[in-house]
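Peer 1: No sequence on hand, only this structure:
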């Protein structure tokens with residue numbers, strides 16, 4: 001009868017060490033890929049939320065404009081915001097918040113809010129009353145359509161619009 005010498009209970013064979021190393025490497029690589037994928041998916045979700053909020057800030061700022069000053073130039077910053085007509089053709093980069101201050105974003109200069117205001121009659125909400133904001137007569141049947149287009153790094157991220165009755 002041939003007997004094998006007893007195996008040392010405290011040691012591992014080279015095959016066991018290599019197999020364990022391969023398994024641990026695969027687990028770590030999979031975990032790294034999953035974390036990276038999750039982070040990039042999270043950024044896409046945040047971008048879509050940020051875009052809506054960036055547009056909404058202009059709407060909230062416009063609601064604070066109680067008068068429509070005729071003849072204002074399009075605003076480029078908070079100093080230029082002087083009545084609702086100063087939003088017509090306005091462009092803000094970095095974008096403004098509802099208080100008229102630069103919006104706190106990680107990469108604020110990459111973002112831009114382009115704003116348009118058109119005048120409509122309650123009797124016809126399909127066609128603007130006038131192509132010129134200042135040329136439109138204000139009346140009890142006048143509505144203003146505020147449109148905000150948001151871009152980031154030159155790419156269109158979305159457009160939102162609201163009806164205003166100042």
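Peer 2: On my side now, so go ahead. Since we're looking at a predicted model, the values are computed, not measured.

Peer 1: Report the helix or strand with the lowest average pLDDT across this protein.
Peer 2: Using mean pLDDT, DSSP states H and E, helix 14-63 stands out as the lowest-scoring helix or strand of the chain, at a mean of 75.

Peer 1: So what's the gap between the helix or strand that comes right after it and the chain middle?
Peer 2: Proceeding C-terminally, helix 14-63 gives way to strand 91-92 as the next helix or strand, assigned by DSSP states H and E. Centroid separation between strand 91-92 and its chain, computed with CA atoms, centre = their mean, to the nearest Å, is 15 Å.

Peer 1: Report the mean per-residue pLDDT for strand 91-92.
Peer 2: Within the predicted structure, the mean pLDDT of strand 91-92 is 94.

Peer 1: which strands and helices sit next to it?
Peer 2: Secondary-structure packing of strand 91-92 (3 or more CB pairs under 8 Å, 6 or more residues apart in numbering; DSSP states H and E): strand 111-121. Heads up, the C-betas are built off the backbone N, CA and C, glycines and all.

Peer 1: what comes up buried for the strand it packs on?
Peer 2: By neighbour count on 16 or more other CB atoms under 10 Å, the buried set for strand 111-121 is 111, 112, 113, 114, 115, 116, 117, 118, 119, 120.

Peer 1: who does residue 146 bridge with?
Peer 2: Partner residues in beta bridges with residue 146: residue 117, residue 162, with DSSP bridges as the criterion.

Peer 1: what's the answer for the one 5 residues further on, then?
Peer 2: In this entry, residue 151 is beta-bridged to residue 112, residue 156, by DSSP bridges.

Peer 1: show me what contacts it?
Peer 2: Applying CB atoms under 8 Å, 6 or more residues apart in numbering to residue 151 gives the contacts 111, 112, 114, 157.

Peer 1: Tell me the confidence at it?
Peer 2: pLDDT for residue 151: 93.

Peer 1: Any idea how many residues pack against the residue nearest to residue 122 when sequence neighbours are not counted?
Peer 2: In space, not counting the residues next to it along the chain, residue 122 is nearest to residue 141; the distance is 4.3 Å by CB to CB, 6 or more residues apart in numbering. The number of residues packed around residue 141, counting by other CB atoms under 10 Å, is 12.

Peer 1: Residue 12 too?
Peer 2: Residues lying near residue 12 (other CB under 10 Å) number 11.

Peer 1: Doesn't it belong to a helix?
Peer 2: No: assessed with DSSP: H, G, I helix; E, B strand; the rest coil, residue 12 is coil; it does not lie in a helix.

Peer 1: Nothing else from me, thank you.
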